[in-house]
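>>> any chance you could fold what I've pasted below:
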Amino acid sequence: MTSRRSLLTAALAAAALPSFAQSADKAPFRILVGFPPGGGTDAIARTLGEKLKDLLGQPVLVDNRAGAGGQIAAQALKAAQPDGHTVFLSHDHTISILPLVTKSPGFDPARDFVAVAGFATFVNALALSGGTPARTMQEYVAWVRSQGGKGNVGVPAPASVPEFLVKVIGQKWKLDLQAAPYRGSAPMMADMLGNQIGAGIGSIPDFIENHRAGKIRVVAVMGTDRQAAVPDAPTFSELGLPGFEDVPYYGLFAPASTPQATIDRIGEAVAKAIAMPDVREKLTATGLTVGHMPAQQLAARERAYSAAWAKIIQASGFRPQ
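Below is the predicted model of the structure:
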């Protein structure tokens, strides 16, 4: 009798296994974002998440872990299980720049993360608040000089590419410009719209909506070419400030040891999502240049970007903090 009960119990347990595995596969797919809701990165994550939900067959949760320029979200990725249920949607700052400017970031991208897929590049830009009378870069330089040669420029994170750009702009035009770091682009934009700060440097996706509404003015962009989203804004190279032609990237990263088959599955879903006309239109409208980068290509781009900025940061005299 006992033997028959044992066999029955075993049979019921075996029958339940496929159901359990299926329910495990339906666990939420979490996209970590290192900046608060309302910013450009958050909007991009939600646009992708809407499509990945169907492509992966899982609920998708955008998990905002704002603070320290994405450092908190990166540490959360490091602590996550490598089971394919957690990825980090990040641009260059957290993955490539933070490890160069922070003594103890709490993560090592080469050791703790694996690239999944890249999906876009973008450019940083200098934008002026509505209360700033200048309409061009030249007029901005003249205006700052009329204010005693001093000015504050908002940046979405400390020790970021925008902060280094503030320093270089000041050196180029002999201005005493100070970077004012924020905890993300959303609070920086709020102060720009309230004319609490005269200028800010951030990504085109952070600025484009308010630029089109005439509330702020983008007056210069990074990259080799002018941007279709802001065609009247010259590149810094055109303005006589070369060295900022390499453009940042957006990509997804997973914890180290995530199985390659899982990486491939997520990467394929990302490729399908950004190929959809509505997604491509939404992302392009924010100022992104959309294009799929397989995992190996994203990893190579990250290494090259880090190497290039290591030289710029060293030349600036900045010391990791």
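>>> so what does K174 have for phi and psi?
Backbone torsions of K174, given as degrees, to the nearest 10, read phi 60, psi 50.
>>> once you drop chain neighbours, what's closest to it?
G149 (7.5 Å; CB to CB, 6 or more residues apart in numbering). C-betas here are computed from N, CA, C, even on glycine.
>>> can you give me how far the longest strand seen in the chain is from the chain middle?
The single longest strand within the chain, with elements called by DSSP state E, is strand 113-121. Relative to the chain's own centre, strand 113-121 is displaced by 11 Å; criterion: CA atoms, centre = their mean, to the nearest Å.
>>> I'd like the average pLDDT over the very next helix or strand once past it.
Per DSSP states H and E, the first helix or strand lying C-terminal to strand 113-121 is strand 124-129. Averaged over strand 124-129, pLDDT sits at 97.
>>> strands paired with strand 124-129, and their directions?
Here strand 124-129 is paired, per DSSP bridges, with strand 199-203 (antiparallel), strand 216-221 (antiparallel).
>>> tell me which of these sits nearest to G251.
strand 199-203 (14.3 Å; CB to CB).
>>> pull the CA atoms of the closest one into PDB?
Extracted in PDB, the C-alpha atoms of strand 199-203 (Å, rounded to 0.1, in the frame of the first residue of the first chain):
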ATOM      1  CA  ALA A 199      22.100  75.800 -19.500                       C
ATOM      2  CA  GLY A 200      22.400  72.100 -19.400                       C
ATOM      3  CA  ILE A 201      24.300  69.300 -21.100                       C
ATOM      4  CA  GLY A 202      22.500  66.000 -21.700                       C
ATOM      5  CA  SER A 203      21.300  63.600 -24.400                       C
END
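>>> give me the contact list for it.
40, 91, 122-129, 132, 140, 151-156, 162-163, 165-166, 185, 188-189, 192, 207, 216, 248, 287 (CB atoms under 8 Å, 6 or more residues apart in numbering).
>>> buried among those residues? Make that a ChimeraX selection.
With 16 or more other CB atoms under 10 Å as the criterion, this ChimeraX line picks the buried residues out of the contacts of strand 199-203:
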select :40,91,122,123,124,125,126,127,128,129,132,140,151,153,154,155,156,162,163,165,166,185,188,189,192,207,216,248,287
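>>> and the contacts of strand 199-203, which of them are in strands?
91, 124-129, 151-155, 216.
>>> any chance of those residues in a markdown table, plus distance to V33?
As requested, these are arranged in a markdown table below (distance: CB to CB, whole Å):
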| residue | distance to V33 |
| --- | --- |
| H91 | 11 |
| N124 | 18 |
| A125 | 21 |
| L126 | 24 |
| A127 | 22 |
| L128 | 27 |
| S129 | 26 |
| G151 | 31 |
| N152 | 27 |
| V153 | 24 |
| G154 | 20 |
| V155 | 18 |
| I216 | 23 |
